[in-house]
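make a model of this:
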Amino acid sequence: MSSAASAPVPEQDGPGLYRIGEVSRIANVKAFVLRYWEGEFPMLLPVKDDSGHRLYRQEDVDLVLKIRRLLYDEGFTIAGARRHLRDAMGEVSEAEREEPRRFNDAEPSIELLSRGTLLDLRDALRSLLTLLEGK
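Predicted structure coming up:
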């Protein structure tokens, strides 16, 4: 019996493609969490093979690791992490594309914060409050 026959078969499918189990181990999250993140983060789109199995490209694995870092290490909410990644990738929603509104025409230099910035600030304050309540 050769040692090759007893060696575990790697889950990597083709060059740069990983099955969900392998990505789960790399990112140290359960497979169901990865499937949930696919629904919450539209930029996370693994390809599917002929049998319907998810195959993650290297850029998908990198994105999973970023999502994990934002959620688990930096304390972002799902919505905050989604906005952060969307902003980092240059994707801006239609509402966020609007020019910042001004308080009034008399003082054109004073601008309101964009809705996205305010939502990020709210998420950060909620995270801080959660940390403070836990002590």
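
report the longest helix in the chain, please.
Selection of the longest helix in the chain by residue count, based on DSSP state H, yields helix 115-133.

what is the rounded mean pLDDT of that one?
For helix 115-133, mean pLDDT is 76.

one more: stretch 68-79?
Per-residue confidence for stretch 68-79 averages out to 92 on the pLDDT scale.

what's the first-to-last distance across that stretch?
With CA to CA, to the nearest Å as the measure, stretch 68-79 spans 13 Å from end to end.

repeat for stretch 41-55
Between the start and the finish of stretch 41-55 there is a gap of 16 Å, counting by CA to CA.

next one: stretch 20-40
When the termini of stretch 20-40 are compared using CA to CA, they are 17 Å apart.

can you list the buried residues in that stretch?
Within stretch 20-40, the residues that qualify as buried are 20, 22-24, 27, 29, 33-34, 37-38, counting by 16 or more other CB atoms under 10 Å. Yep, even glycine has a C-beta here, placed from its N, CA and C like the rest.

ok, Arg57 - contacts?
By CB atoms under 8 Å, 6 or more residues apart in numbering, Arg57 lies in contact with 16-17, 46-47.

outline the domain layout of the protein.
In the assignment given by automatic domain parsing, the structural domains of the chain cover 10-75, 92-135.

sketch out the low-pLDDT regions of this protein for me.
Under the criterion of pLDDT under 70, the regions of the chain flagged as low confidence span 1-14, 91-117, 135.

please repeat the previous calculation with a cut-off of 50.
Low-confidence regions of the chain, defined here as pLDDT under 50, cover residues 1-12, 93-111.

what segments of it are strands?
Remark: strands of the chain, listed N- to C-terminal, are 17-19, 47-48, 54-57; assignment by DSSP state E.

and the shortest one, what other elements does it pack with?
To tie it back to what came earlier, the one meant is strand 47-48. Taking 3 or more CB pairs under 8 Å, 6 or more residues apart in numbering; DSSP states H and E as the contact definition, the neighbouring helices and strands of strand 47-48 are strand 54-57.
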